[in-house]
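Student: Build the 3D model from these lines:
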Amino acid sequence: MLATFTIRASNCALPSSVIVRLLQLPAPIRSFATSSYLRVKQDDRLLTEALRGQTASNGFTPMAPGNDKKAPAIPRPSASVLLVSPNNQVLLLQRVKQSSAFPSAHVFPGGNVSASHDGELPSPDSPGRHVDNAVYRMAAVRETFEESGILLARNNGFGRLIEVLEAEREEGRRLVHDNKVPFAKWLAQKGGRADVEGLIPFTRWVTPTNVPKRFTTQMYLYFLPTLNSTPITEGSQDDDEAEVRIPVPTTDGGLEHTTARFLPASVWLRLAQEGRIILFPPQFFLLHQVAQHFDNLPSPTAYGSISRDPIPREELEARRKRLQEFVATGEPPWTEKCISPTVQPPRDGKKREDGRVVLGLHRPGPELEAAKTGRKGVAEQCVLVEFKKDGPRKLAVVSREEAIGSSASARL
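Tutor: The predicted structure follows:
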């Protein structure tokens, strides 16, 4: 097998270092990576060019000069939650500058799957590793608790969201983060269980192959219960009317995050476009989708026109229902879409004058393409972004036809 593989690799003119790395990959991925080497060469060149502007300061290891390509890193399993507040705002956390992933950026709560807390996933060469399941859901609940102090857990007796005193919550966050007690065991001691059924899958993202640290991240929506009267103004929550007292989100003491805050999706998007915060394409794209259903915008990108008037509970619930109906639509539905952003060739071979590149969202990544699962991303929309040293800037969600042209769209 080694001799056969070496001959095929030499026919593709693969560098020797690539051969060594490919031999370390599982057989299905190794075969796909070898056979598709020439086909994706242009994609890799475009992505490399776009990512050379990235540095370790925004989550990307600086790319070394030279043409000696390395085999793609195996994606690490992770989970993340778009946590919706009682007044339909979304929680974002700002990561510390020293973070190894997305430093200084605003992100949804989430993190890597832990076998000791969440359970075991299928092996890296299994398509099941990229599918929503109980392990990813437990990781989403645990990471949200560790990072924000909010417990997405139900009381074993009554089925309502569990309430734990602040001192006990903070102690639990430290114990779980330091791996001194399994998360499920700590929850059971408090009379609760993780509300994995309350999580709604909302796309999966697989990091592009040219990035040294890669992830396969399952995204979820989770709706905290609405209140009887909830205006869309920060800090307006009336605890006396709440069925359950929702803790104010707090940071993890500076271990990974410096701020934790609920704001309307449109406000987060506007702050990013004004350069006041850093959002990476997955966060920007998903917040854009949420804003279409939550913020009653006059046009899809009019993020600054959100109304500040109080919204009745019935309307809050109606908007949630519309968002839930939306994520169940599409082919495949948004609950099953898998996206691995790919830099698209410039229209007519000319770079954009604004310095931005076009990220196509239609491909699911090499692992899923190799397994021929049929998983797909989003073909109708793209993200425009300028990669700067301090992070992604000038992001926008546009139609694929607007970004690339109708002829390119027709080839999909």
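Student: What score does the spatially closest residue to residue 124 that is not a sequence neighbour have for pLDDT?
Tutor: Take residue 124 and drop its neighbours on the chain: the residue closest to it by Cβ to Cβ, 6 or more residues apart in numbering is residue 74, 4.9 Å away. C-beta here means a position set from N, CA and C on the backbone, and glycine is covered the same way. Residue 74 is assigned a predicted lDDT (pLDDT) of 93.
Student: in stretch 389-405, what's buried?
Tutor: Using 16 or more other Cβ atoms under 10 Å as the test for burial, stretch 389-405 gives 391-393, 395-397, 400, 403-404.
Student: Show the average pLDDT along it.
Tutor: 90.
Student: ditto for stretch 226-245
Tutor: When pLDDT is averaged over stretch 226-245, the result is 48.
Student: now the end-to-end length of it.
Tutor: One end of stretch 226-245 sits 11 Å from the other (Cα to Cα, to the nearest Å).
Student: Please apply the same query to stretch 292-306.
Tutor: Using Cα to Cα, the two ends of stretch 292-306 sit 11 Å apart.
Student: contacts for it?
Tutor: 88, 232, 264-267, 269-270, 273, 288, 291, 307, 319, 322-323, 326, 396-397 (Cβ atoms under 8 Å, 6 or more residues apart in numbering).
Student: Now the buried members of those residues.
Tutor: Using 16+ other Cβ under 10 Å as the burial test, those include 88, 232, 264-267, 269-270, 273, 288, 291, 319, 323, 326, 396-397 as buried.
Student: shouldn't residue 128 be in contact with residue 122?
Tutor: Yes. With contacts counted by Cβ atoms under 8 Å, residue 128 reaches residue 122, the gap being 4.0 Å.
Student: okay, these two: which has more neighbours?
Tutor: Neighbour count, other Cβ atoms under 10 Å: between residue 128 and residue 122, residue 122 has more, with 14 against 11.
Student: is it true that the more buried one lies in a helix?
Tutor: No. Counting by DSSP: H, G, I helix; E, B strand; the rest coil, residue 122 falls outside a helix, being coil.
Student: Please name the residues that touch it.
Tutor: By Cβ under 8 Å, 6+ apart, the neighbours of residue 122 are 128-129.
Student: swap in the one 4 residues further on?
Tutor: Listed by Cβ under 8 Å, 6+ apart, residue 126 has no contact partners.
Student: Report pLDDT for it.
Tutor: Residue 126 is assigned a predicted lDDT (pLDDT) of 93.
Student: Kindly provide the distance from it to residue 367.
Tutor: Distance of residue 126 to residue 367, computed by Cβ to Cβ, to the nearest Å: 10 Å.
Student: Residue 323 against residue 221, yeah?
Tutor: Yes. Shown here, residue 323 and residue 221 form a contact pair, counting by Cβ under 8 Å, at 7.3 Å.
Student: Report the helix or strand with the lowest average pLDDT across this structure.
Tutor: helix 2-11 (a mean of 34; mean pLDDT, DSSP states H and E).
Student: Read off the pLDDT value for residue 308.
Tutor: Residue 308 is assigned 85 on the pLDDT scale.
Student: Can you tell me the element it falls in?
Tutor: Remark: residue 308 resides in no helix or strand, with elements defined by DSSP states H and E.
Student: Can you flag which of the contacts of stretch 292-306 belong to helices?
Tutor: Counted as lying in helices by DSSP state H, out of the contacts of stretch 292-306, are 265-267, 269-270, 273, 288, 291, 319, 322-323, 326.
Student: Which two of the residues you listed have the greatest separation?
Tutor: Across the ones in helices among the contacts of stretch 292-306, no pair lies farther apart than 273 and 322, at 24.2 Å, counting by Cβ to Cβ.
Student: Look through the protein and tell me its longest strand.
Tutor: strand 378-388 (DSSP state E).
Student: Given that strand, what are its sheet partners and their directions?
Tutor: When pairing is defined by DSSP bridges, strand 378-388 lines up against strand 357-361 (antiparallel), strand 391-399 (antiparallel).
Student: Dump those to JSON lines, plus distance to residue 211.
Tutor: Listed next are the strands paired with strand 378-388 as JSON lines, based on distance: least, Cβ to Cβ, whole Å:
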{"stretch": "strand 357-361", "distance to residue 211": "13"}
{"stretch": "strand 391-399", "distance to residue 211": "13"}
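Student: quick one, which of the ones you listed is nearest to residue 251?
Tutor: strand 391-399 (19.8 Å).
Student: any residues touching that closest one, and which ones?
Tutor: Identification of contacts with strand 391-399 by Cβ under 8 Å, 6+ apart yields 57-59, 104-105, 272-273, 275, 278-281, 284-285, 288, 300-301, 354-356, 380-387.
Student: returning to that earlier point: list the buried ones in the longest strand of the chain?
Tutor: 378-379, 381-388.
Student: ok, now stretch 172-185?
Tutor: 172-173, 176-177, 181-184.
Student: Straight-line length of that stretch, end to end?
Tutor: Criterion Cα to Cα; first-to-last residue distance in stretch 172-185 is 11 Å.
Student: Kindly report the same for stretch 337-349.
Tutor: 29 Å.
Student: What mean pLDDT does that stretch get?
Tutor: 88.
Student: repeat for stretch 154-174
Tutor: The predicted model gives stretch 154-174 an average pLDDT of 92.
Student: In three-state terms, how would the residue nearest to residue 200 when sequence neighbours are not counted be classified?
Tutor: Excluding the flanking residues, the one nearest residue 200 by Cβ to Cβ, 6+ apart is residue 221, at 4.3 Å. Following three-state DSSP, the label given to residue 221 is strand.
Student: Good, we can wrap up now.
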